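Undergrad: Requesting a structural model of the entry that follows:
(chains A and B)
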Amino acid sequence: MTSAFEPVRSQRRGPAAQEGADLLVHRKVDFKNLMYAGEKGVLIPALQRVQDLDGYISRERMHEIHRQSGIPLSQIYGVATFYSQFRLRPVGKHIIRVCHGTACHVSGANGITKSLEERLKIITGDTTPDRLFTLETVSCLGCCSLAPVVMIGKATHGNLKPGDLGKVLRQYRQAGKEVAEE
Amino acid sequence: MKILVGLGTCGIAAGAEDTYRALREQLAQRQPACQVSETGCLGMCYREPLVEIHEDGQRFLYGNLTADKVGRVLDEHVSGGRPVEEWLVWADDGRGAEREFLARQHRIVLRNCGRINPEKIGEYLAVGGYEALAKVLRDQNPDAVISEIVESGLRGRGGAGFLTGMKWRFTRLAPGHRKYVICNADEGDPGAFMDRSVLESDPQSVLEGMAIAGFAIGSGDGYIYVRAEYPKAIERLTLAIAQAEEQHFLGDGILGSGFSFHVKLKEGAGAFVCGEETALIASIEGRRGMPRVRPPFPATRGLWESPTNINNVETFANVPWILVHGAAAFNSLGTANSKGTKVFALAGKVRRGGLVEVPMGISIREIVHDVCGGIKEGKEFKAVQMGGPSGGCIPAVLQDTVIDYESINKTGAIMGSGGLVVMDEDTCMVDVARFFLDFTQRESCGKCTFCRVGTKRMLEILTRITEGQGQEGDLELLENLANLVKKNSLCGLGQTAPNPVLTTLKYFRGEYETHIGNHKCPAHHCLALLTYTITETCNGCGACLRACPAGAITGERKQLHHLDPAKCTHCDACYRACRYDSIAKN
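TA: Sure, this is the predicted structure:
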């Protein structure tokens, strides 16, 4: 695996930050507002907020949280790497999450992942060079009766066969092009 | 007349939003007086999208009603008064193709799921919602509430099955001026989705259960720890909390009494181990979700060092029903030690997959065959996997085992949260064991050496076996390791992680031996143990030839192709590329 902290300054960031690249400092988050009155436990909601905004958690953001909350950086890094929800690298426009729950597994989720890796020419966890797709696995999406299931962005695609994936991916590529042309 | 569309996650994935839109648009033109409303999940996931038509107190339920079928239902049923019988799955007058699925169920937890609009508190109130809380606040007797729950025999539905009332009593008796109620909605077991469904379809019942628990133990603060992977559930819970606060069922001075109860939502960040109480508490406190030694139990020292009561979603949803109908109504259902009902999420190779709620004491055979219609495509029933990664596989020969905590434990599996994955002859049990261990190994928090290293070594052995590299003595080594991990881990994750391996070794040892000794996978699943051949049906399209990374396939265009087994790397690329089912795996 590559280092969790690749130099990311020159790269484009996640969906919400795209329109104003490198405006990181200006999109300040007031983490103090996230704290519940008289209680601790602000760190995870703060990291979730950052990820919603940027698509991932950058080194700068961790420093920002540290400065505002006083939580040691080591602890912030520890929490960010403990939970599978948090990403430390920028993601593509569409996040493809292949469900590997029990039902999906017995219905052929491995074939789906392999096929997607072949089609996108990346391995699970990576992003395509055009920053259109990020491929991930997820332990269960809870739509077991539609197995095998893939979630792209917020849309769920069920009852898939490896052969159907080309068509599904084309929809997203097409949509991307249309937006670019407009 | 009223039309309901099931808009749970499964419904939406199956296209229910399109159906909903089509219904609205077409009805606006034809019959603006007819109401279209959304509802949660009815549990019939295999027939989504589901649409229910209410007419003069009669219910008609349509299955697989995609947007293109809406027109015909509106024409014939809504305008013409003749239900479209071929699409009907249930009707109160006795028609419908899927009657067995609903007829055998007994719905307590799912009582409102698929019946009310989860986004409107008014509909929950109309079916008797918050009556239990009102009654409890009128009587002002917390000990009586606890006694009622103890007497009902309700046991924790999250897995371990501890008596809920006792847990409440311990928390009530624990010294401390500030106490907490936590609802564990971090449903992490792959293959379980009942909590998601309850939260999406009937969130108010969970909030009511929590408020009652708060009153009983003397707590004014509740947290719901919900998985971030359930966006719909989070959305509806947020709305439900706001509506309940507005109507004074939550907040300060509930219903004019002196009791205050505030509920906050905490999104989990994706760690299976946070299903464990002490890890969950660590996560709410904003730390890495790692379990700690118990005692002290959360009941005496939990969240922010205060006494804390943790129950799961399904447990809380049972509470209002018990207080309205009485403990006797609840404990008349079930077996000697397991009372009431249990919700199961059926998935895998079963014909009717979805959510079922059945009384305790029913057998696995009845659930799989009678309620859920047996195995898909007429294949052979091989096993059920119960309890997710902490559970085990119960083979078909033991399918007369009844559902209660003790009987399930005896087989080596656990009740767990209620995921039931059905497996047929095509499922390789070694691979299933490997799958679960791969999961627990990744989710191990790393605190205990036996769990962190032991599961890794076990996974390596299982991977070796599925890849045809199994060695003599592997099974004994696996068993030895499994028992060590079980004995020497701190929390439930490590203590139960070897269960899938131990149960498959116990019931399907022959399958392991065939993998090791004969280098064959009886279920034709483990790729490395299969021989690939091209059959006579090959039309020479060349797709497999182009897909093969090893150059093992040769042949002229439009001629039968040939696969050289010596070069084949068992990567399965040709099988996935072939559109004519011409690649055989044996």
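Undergrad: domain assignment for chain A?
TA: Domain segmentation of chain A under automatic domain parsing yields A:7-82, A:94-181.
Undergrad: give the contact list for B:Lys506.
TA: B:Gly412 (C-beta atoms under 8 Å, 6 or more residues apart in numbering or on different chains). Glycine gets a C-beta too; all of them are placed from N, C-alpha and C.
Undergrad: Can you read off the pLDDT for B:Ile3?
TA: Per-residue pLDDT puts B:Ile3 at 89.
Undergrad: is it true that it lies in a helix?
TA: No - counting by DSSP: H, G, I helix; E, B strand; the rest coil, B:Ile3 is not part of a helix but strand.
Undergrad: Pull the number of nearby residues for it.
TA: B:Ile3: 24 surrounding residues under other C-beta atoms under 10 Å in any protein chain shown.
Undergrad: hey, where'd the strands end up in the stretch 101-250 of chain B?
TA: B:180-185, B:221-226 (DSSP state E, counting those that start in this stretch).
Undergrad: Turn the domains of chain A into CSV, columns for mean pLDDT and distance to chain B.
TA: Shown next, in CSV, are these (pLDDT from 0 to 100; distance: least, C-beta to the nearest C-beta, whole Å):
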stretch, mean pLDDT, distance to chain B
domain A:7-82, 70, 4
domain A:94-181, 85, 3
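Undergrad: mind checking the SS state of A:Leu135?
TA: Here A:Leu135 is recorded as strand under three-state DSSP.
Undergrad: That one contacts A:Val98, doesn't it?
TA: Yes - the pair A:Leu135 / A:Val98 is scored as a contact, 7.3 Å apart, by C-beta atoms under 8 Å.
Undergrad: which element is B:Ala33 on?
TA: For B:Ala33, there is no helix or strand it lies in under DSSP states H and E.
Undergrad: Run the contact check for the lowest-mean-pLDDT helix or strand in chain B versus chain A.
TA: Sorting the helices and strands of chain B by mean pLDDT, DSSP states H and E puts helix B:9-13 at the bottom, at a mean of 82. Yes - Helix B:9-13 lies within reach of chain A by C-beta under 8 Å from any C-beta of the partner chain, at B:Thr9, B:Cys10, B:Ile12, B:Ala13.
Undergrad: Could you measure from the third one over to B:Leu239?
TA: B:Ile12 sits at a distance of 16 Å from B:Leu239 (criterion: C-beta to C-beta, to the nearest Å).
Undergrad: Comparing the two, which shows the higher neighbour count?
TA: More crowded of B:Ile12 and B:Leu239, by other C-beta under 10 Å: B:Ile12, with 21 against 15.
Undergrad: what's around the residue lying closest to that one once chain neighbours are set aside, how many residues?
TA: If the residues on either side of it in the chain are set aside, B:Ile12 comes closest to A:Thr156, at 7.0 Å by C-beta to C-beta, 6 or more residues apart in numbering or on different chains. As a burial measure, A:Thr156 scores 19 neighbours (other C-beta under 10 Å).
Undergrad: Give me the buried positions along stretch B:435-454.
TA: Across stretch B:435-454, burial judged by 16 or more other C-beta atoms under 10 Å in any protein chain shown covers B:435-441, B:443-445, B:447-448, B:450-452, B:454.
Undergrad: gap between stretch B:61-76 and the chain center?
TA: 29 Å (C-alpha atoms, centre = their mean, to the nearest Å).
Undergrad: what do you get for stretch B:104-123?
TA: For stretch B:104-123 - counting by C-alpha atoms, centre = their mean - the centre lies 17 Å from the chain centre.
Undergrad: residues contacting B:Asp75?
TA: Counted by C-beta under 8 Å, 6+ apart, B:Asp75 has zero contacts.
Undergrad: just checking, next helix/strand downstream of the lengthiest strand in chain B?
TA: Across chain B, the longest stretch assigned as strand under DSSP state E is strand B:341-348. Following strand B:341-348 in sequence order, the next helix or strand is strand B:354-359 (DSSP H and E).
Undergrad: What lies in contact with that following strand?
TA: A:145, B:10, B:41, B:43-46, B:101, B:104-110, B:113, B:193-194, B:197, B:333-334, B:340-346, B:366-367, B:371-372, B:403.
Undergrad: so that strand versus strand B:341-348, what angle?
TA: Relative orientation of strand B:354-359 versus strand B:341-348 (axes from the mean of the first three to the mean of the last three C-alpha atoms, to 10 degrees): 150 degrees.
Undergrad: Name every strand pairing with strand B:354-359 and say which way it goes.
TA: strand B:341-348 (antiparallel) (DSSP bridges).
Undergrad: How about exporting the strand it pairs with as PDB, limited to the C-alpha atoms?
TA: What follows is strand B:341-348 as a C-alpha-only set of coordinates in PDB (Å, rounded to 0.1, in the frame of the first residue of the first chain):
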ATOM      1  CA  THR B 341     -41.100 -13.500  18.600                       C
ATOM      2  CA  LYS B 342     -37.900 -13.100  16.700                       C
ATOM      3  CA  VAL B 343     -37.400 -11.200  13.400                       C
ATOM      4  CA  PHE B 344     -35.200 -13.000  10.900                       C
ATOM      5  CA  ALA B 345     -33.600 -11.600   7.800                       C
ATOM      6  CA  LEU B 346     -33.700 -14.300   5.200                       C
ATOM      7  CA  ALA B 347     -31.300 -14.100   2.300                       C
ATOM      8  CA  GLY B 348     -29.200 -16.300   0.100                       C
END
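Undergrad: can you tell me the average pLDDT over that strand?
TA: Strand B:341-348 comes out at a mean pLDDT of 90.
Undergrad: Could you do stretch B:121-129 as well?
TA: For stretch B:121-129, the mean confidence score works out to 93.
Undergrad: Now stretch B:233-245 - C-alpha only, CSV.
TA: Only the C-alpha atoms of stretch B:233-245 are listed here, as CSV (Å, rounded to 0.1, in the frame of the first residue of the first chain):
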residue,chain,number,x,y,z
ALA,B,233,-32.6,5.2,8.4
ILE,B,234,-30.7,8.2,9.6
GLU,B,235,-32.8,10.5,7.6
ARG,B,236,-36.1,9.1,9.0
LEU,B,237,-34.8,8.9,12.5
THR,B,238,-33.7,12.6,12.4
LEU,B,239,-37.2,13.5,11.2
ALA,B,240,-38.9,11.2,13.8
ILE,B,241,-36.9,12.8,16.7
ALA,B,242,-37.9,16.3,15.5
GLN,B,243,-41.6,15.3,15.2
ALA,B,244,-41.6,13.6,18.6
GLU,B,245,-40.0,16.6,20.2
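Undergrad: center of chain B, which residue is that?
TA: The geometric centre of chain B, computed from its C-alpha atoms, lies nearest to B:Ala192 (C-alpha atoms, centre = their mean), at 1.8 Å.
Undergrad: picking that back up, which of the buried residues of stretch B:435-454 lies closest to chain A?
TA: B:Phe435 (5.2 Å; C-beta to the nearest C-beta).
Undergrad: Which strands or helices does the host helix or strand of B:Leu481 pack on?
TA: B:Leu481 belongs to helix B:474-488 when assigned by DSSP H and E. Applying 3 or more C-beta pairs under 8 Å, 6 or more residues apart in numbering or on different chains; DSSP states H and E, we find helix B:474-488 packed against helix B:455-466, helix B:492-496, helix B:499-507, helix B:509-513.
Undergrad: 7 Å - rerun?
TA: helix B:455-466, helix B:499-507 (3 or more C-beta pairs under 7 Å, 6 or more residues apart in numbering or on different chains; DSSP states H and E).
Undergrad: could I get these as a markdown table with mean pLDDT?
TA: What follows is those, written out as a markdown table (pLDDT from 0 to 100):
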| stretch | mean pLDDT |
| --- | --- |
| helix B:455-466 | 95 |
| helix B:499-507 | 94 |
